[in-house]
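In: any chance you can model this:
(2 chains)
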Number of protein chains: 2
Amino acid sequence: MAFQYLTNIPLEQAKNDYLAALTEQGFAAETETIPAGSSCGRMTAVPVYAVICAPHYPASAMDGIALQASVTFGAGETTPVTLTTDQFQVVDTGDPIPDDCDAVVMIEDVIYQEDGTVRLYAPAAPWQHIRQIGEDICAGEMILPSGMEISPAAIGAMIAGGVMEVEVLKKPVVGIIPTGDEIVPPTSDPAPGDILEFNSSIFSAMLTRWDAVPKVYPIVKDVREDIKNTLAQALSECDIVLLNAGSSAGREDFSAEVIRELGEVLYHGIAIKPGKPAILGYQGKKPVLGVPGYPVSGIIVLEELLKPLLDAWYRLAGGHVETVTATLSRNVVSGLKYQEYVRVRMGQVGDRIMATPLNRGSGVVSSFMKADGLLTIPQGVEGYEAGQPVEVKLLRPREELSRTLVMIGSHDPLLDEVCDLLHASDPTLFMSSTHVGSMGGIMAVRRGETHAAGIHLLNETDGTYNTAYLKRYFPQGGVRLVECVGRTQGLMITPGNPKNIQGIADLTQPGLRYVNRQKGSGTRILIDYLCRKEGIDTAGIYGYDREEFTHTSVAAQIASGTADAGMGIYSAAKLYDLDFVPVCMEQYDLLIPDTVWDTEVVQRLIGVLKSDAFRARIEALGGYEVKAPGTVREHL
Amino acid sequence: MAFQYLTNIPLEQAKNDYLAALTEQGFAAETETIPAGSSCGRMTAVPVYAVICAPHYPASAMDGIALQASVTFGAGETTPVTLTTDQFQVVDTGDPIPDDCDAVVMIEDVIYQEDGTVRLYAPAAPWQHIRQIGEDICAGEMILPSGMEISPAAIGAMIAGGVMEVEVLKKPVVGIIPTGDEIVPPTSDPAPGDILEFNSSIFSAMLTRWDAVPKVYPIVKDVREDIKNTLAQALSECDIVLLNAGSSAGREDFSAEVIRELGEVLYHGIAIKPGKPAILGYQGKKPVLGVPGYPVSGIIVLEELLKPLLDAWYRLAGGHVETVTATLSRNVVSGLKYQEYVRVRMGQVGDRIMATPLNRGSGVVSSFMKADGLLTIPQGVEGYEAGQPVEVKLLRPREELSRTLVMIGSHDPLLDEVCDLLHASDPTLFMSSTHVGSMGGIMAVRRGETHAAGIHLLNETDGTYNTAYLKRYFPQGGVRLVECVGRTQGLMITPGNPKNIQGIADLTQPGLRYVNRQKGSGTRILIDYLCRKEGIDTAGIYGYDREEFTHTSVAAQIASGTADAGMGIYSAAKLYDLDFVPVCMEQYDLLIPDTVWDTEVVQRLIGVLKSDAFRARIEALGGYEVKAPGTVREHL
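Out: Numbering: from 1, shown residues only, chains lettered A, B, ... in the order given. Next up, the predicted model:
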């Protein structure tokens, strides 16, 4: 059978049914007894009662002398009482109170006489400066109820109360089995077709954060018996097992069959995207989760289906989810059949928090790294429109959003360096950049979605850069054009230039594979203009409709041999050791609206642009002309 | 010299000067290179750039066939294109795209013919369903800037980008040296005068939470050379050293002298309370902090003086402090000389968050465990008045406060059991109880500070319990009296009853040591009444002014031999195996205002009282009479 159809169970139903089935089977936390001193962050399994009192003896609360209060009665400013050496005893803080004493006088109030006697000018109240037995904790008192996380102070209270060991919920051991013929251990030199096995590293990190213990098994090839044997082994060694990859309906997907052979499959196919091919299985009380191979799908499945199991293990109600209302910067379309998760970048520009959808590919793990939030589009909803307010689950602290410089516009590798310098200059500041091309940047500024936009737009009539577009798109003014750098545009070419490309005119030669930038990018506008000027029909350039979003990704295609040439900046060609035919020098500037000019993030950006550190980084990249970055070229 | 005076440097100045001095000496994070796969939560030391592209080859994004898009041009519903087996190649998701192909058609759209050829009813767009090289990450791209915490997804991105190792900030190793002749390792059977060494366990837990590595040295006696040698060893092995105890001005406090011999002391004595005797020293670039011996002082000193050093190490701006505005339930008086830290219990009753100061003793470690917040009274401020709104630093999540049942009133060990049962019934619910006696409970209800108050108040005229007080203190009504339990009050007596105590009248015998409860407690009101009734002058009872706040702490004094008798309930006597002379049976009920009756926490409390589990716990405690707990006895 080429492929099989999966079920499409709504997430809530799947979760509830799964937990109910597992609970029925006896899925529950085991407990273990560990030393109290190393129990921080663990969860008590039973109430903890004090065994001894703290203090466990009446102790002096001060440095001073212990005595019977009654011998001091009547002492006053003019009627001091003198005590002989047998009437008091010197005590330090923490010393036991002698049996016949019931008060302590502070050393500061004791006047020593030559003969060793002491004089007091005030009476002592009975029980003063004595820490009574059990002042802190009484034996038999409940120190902690069950189901409580143990804090550092609770460790102190337990030990003070004579509790040396504590019964806590065991951390569940979660086995991770990576499977697949094409999966290889992480390497920086993989062969084509090799897929690096990094899911188990991501999952392990997530599990550790969730107080579970990951146990990663070696990669298993797509051989049914091998998968079955490894799963059987993991089930004998772990409390929960994740069978990674092989859960979709492709040619070699044995996961569901193997789980069914060793246990039960409750559902195969959940109405979420990404994550649909998840398998909810179990053997006895042990859950076996079939996790899709794509990393983004895997992360979602762990969040939505594994985390509730861990919460049940720890008898938690599930973590508090912090959400924020954000404004969508683009339309987001979703299928009616699934609950869809969209990773979004967020930034606060003025009063509004903007949310920009990131690449929705399931394989794009960097999108999860870059994401500030997760937008959930429920099953049955077709999507949301740009400008619409949406509830977004926060993936980083709310306050960081208001301290993030948002850059939406044209791509340049120097933005990475600006990001690093900005954060280094003040670790509470962050930068989030999205590459949508120069025209996209102008539109984002107009909509008030960004603090700054990198642009490099040629005015064809006079050969100037950027200023003409300002007047056209901001007739009311309200923006500044801040000088950044001059940079060399040209053709990036396979090293050695085997196809002997000398200029734009050579791009139409038969067999040559070009790779282009997306429409609206300054570089696309440049190549369109150059072709028009030289009378070249772009329909004759193979690959002219193959669009990449950054200079580096164009360079990467050429470096890998899947394209022969592409337009881009010198620094990108240099990064990939490509040949380069310079075409022109262009001005790359930053467009900044007046409304955010005086904000801390923007002023810090200007400071970075003007710094020597920025100049040094730019020189290391190569191909740039640096004059006076950070100065305002134009203020409309 | 009996004692020496310390300096009294304001905290901010001390912190800033210390950090400046250390920075001058070269205090800064070291870096280390670790596997990317186990770097979760660590902080990047330098920017991380991708080494390879991800994907590193053009990959199929679908299960289907790869082909040249041009061969499908013209295909339509009525004009299918047939491809021979040499014109396409079957690919699974993730497979490399063959060199001469530029598109993938999904398996669902492919119609296989008997002869192995396939038929397509729609044209393929070039580059469709192909994951281009670098779609996720391009080689040379910055994956993470420096100074960023590594997330699980970032681990995936690094490995996908060919980064197998990452340079991170080393975790600082912090040496902890416990000192003192009276300090002994944790034990549940200490001798009088022994002080259990649990500070290093508390500090270790705090350090681990702050991403430092604790290294605890064996306890050192108060011998100057031993302390000096251990400090020298710790300085050679650690990045930071904490010298615990011996930092005040007592008889055997060598800390400051020893630090001065091995390095420098910047300040000895900071204007904070608790924590005043802290020592801010260093040897070269390594901080040596003299930490006071009392656990509460130690926690404050670590929070206020060590944490800023760790933040500097990690180049952090310092954690975001979440505060909340709360209403003080009592006056808090503070000295003008210090910045004082007061641990408070908090609870939301109605709209207001109430803050009740906890025991301010520096030795009372349980107060830090019970604290929900920390109130700071600045230097130069004399304190705050009850009813005044104050800013309190939260020590647990804000949302937990609104899910906490607040109980202020009379003490009974059964409250611990209620707390455990309540949390077990719903892990999102908590209970916070404060023991201020029955009259204190009535006042707390009147002021709207508590959800419920335990009371047992005898009406002397008719021998009834509680109801008479309701009418007296709530003439307007608005409260319910909820039945809880009957309990046996009596005299708790040294086991074996060596002083032959048969009743109240025996308490005046010479040499007998009584221990009392605080004024306003129901038990105190009872003993006062009984003495009056029997014509006993309480001035003739030794220890009648020695006041404890709970039944268990009275029992603890008798069990330890520092008192011979005290009034209390049977369950407390049983807990400590004391002899017991029953005096009367009394009614312990809960007073609950109507305003909170319908809240989730109160209704859950009623549910617990009515449960079989509660009945079982009460029976295990002993000495109670359980009829219909949870029913409303009286509604005014």
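In: quick one: end-to-end distance for stretch A:112-128.
Out: Taking CA to CA, to the nearest Å, stretch A:112-128 runs 20 Å from one end to the other.
In: contact partners of it?
Out: If you take CB atoms under 8 Å, 6 or more residues apart in numbering or on different chains as the criterion, stretch A:112-128 is touched by A:65, A:67, A:69-70, A:72-77, A:80-85, A:88, A:102-105, A:109-111, B:543, B:545-546. Heads up, the C-betas are built off the backbone N, CA and C, glycines and all.
In: emit the PyMOL select command for whichever of those residues are buried.
Out: One line in PyMOL is enough to select the buried members of those, burial here meaning 16 or more other CB atoms under 10 Å in any protein chain shown:
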select buried, (chain A and resi 65+67+69+72+75+80+81+83+88+102+103+104+105+110) or (chain B and resi 543+546)
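In: how about A:Asn28, what does it touch?
Out: Actually, residue A:28 is Ala rather than Asn. So A:Ala28 contacts A:285, A:312-313 (CB under 8 Å, 6+ apart).
In: what does A:Thr450 give?
Out: Here A:Thr450 is in contact with A:347, A:349, A:354, A:406-409, A:441, A:444 (CB under 8 Å, 6+ apart).
In: equivalent analysis for A:Met106, please.
Out: Residues in contact with A:Met106, defined by CB under 8 Å, 6+ apart, are A:62-64, A:129.
In: quick revisit: which of the contacts of A:Thr450 fall in helices?
Out: With helices taken from DSSP state H, the overlap with the contacts of A:Thr450 comprises A:441, A:444.
In: tabulate the contacts of A:Thr450 (a markdown table), appending neighbour count, pLDDT and distance to A:Ala36.
Out: A markdown table is the format used below for the contacts of A:Thr450 (neighbours: other CB atoms under 10 Å in any protein chain shown; pLDDT from 0 to 100; distance: CB to CB, whole Å):
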| residue | neighbour count | pLDDT | distance to A:Ala36 |
| --- | --- | --- | --- |
| A:Gly347 | 30 | 88 | 45 |
| A:Val349 | 26 | 91 | 50 |
| A:Met354 | 23 | 89 | 49 |
| A:Val406 | 25 | 93 | 48 |
| A:Met407 | 25 | 94 | 50 |
| A:Ile408 | 29 | 92 | 53 |
| A:Gly409 | 31 | 94 | 56 |
| A:Gly441 | 30 | 95 | 58 |
| A:Ala444 | 26 | 93 | 56 |
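In: of the contacts of A:Thr450, closest to A:Pro190?
Out: If you rank those by distance to A:Pro190 using CB to CB, A:Met407 comes first, at 31.9 Å.
In: helix, strand or coil for the closest residue to that closest one other than its chain neighbours?
Out: Counting by CB to CB, 6 or more residues apart in numbering or on different chains, A:Met407 lies nearest to A:Ser433, which is 4.0 Å off, once chain neighbours are set aside. Under DSSP: H, G, I helix; E, B strand; the rest coil, the three-state class of A:Ser433 is strand.
In: want to try TSV for the contacts of A:Met106, with pLDDT and distance to B:Ile195 as columns?
Out: Below are the contacts of A:Met106 laid out as TSV (pLDDT from 0 to 100; distance: CB to CB, whole Å):
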residue	pLDDT	distance to B:Ile195
A:Met62	86	15
A:Asp63	87	15
A:Gly64	92	17
A:His129	93	17
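In: among these, which ones lie close to chain B?
Out: Applying CB under 8 Å from any CB of the partner chain to the contacts of A:Met106, one finds that A:Asp63 fall near chain B.
In: now the buried members of the contacts of A:Met106.
Out: Among these, those scoring as buried are A:62-64, A:129 (criterion: 16+ other CB under 10 Å).
In: if we only consider those, which is nearest to chain B?
Out: A:Asp63 (5.0 Å; CB to the nearest CB).
In: that closest one against A:Val105, yeah?
Out: No: in this structure, A:Asp63 is not within contact of A:Val105 by CB atoms under 8 Å, at 10.5 Å.
In: what's around A:Thr79, how many residues?
Out: A count of nearby residues for A:Thr79, using other CB atoms under 10 Å in any protein chain shown, gives 8.
In: actually A:Glu600, not the one I typed
Out: By the measure other CB under 10 Å, the count of residues near A:Glu600 is 13.
In: one step back: report the two of the contacts of A:Met106 separated the most.
Out: Taking CB to CB as the measure, these reach their widest spread between A:Asp63 and A:His129, a distance of 9.8 Å.
In: my read: the residue nearest to A:Met407 touches A:Ser410, true?
Out: No: taking contacts as CB under 8 Å, A:Ser433 lies outside contact range of A:Ser410: 10.1 Å.
In: which of the contacts of A:Ala28 are buried?
Out: When those are checked for burial by 16+ other CB under 10 Å, the buried set is A:312-313.
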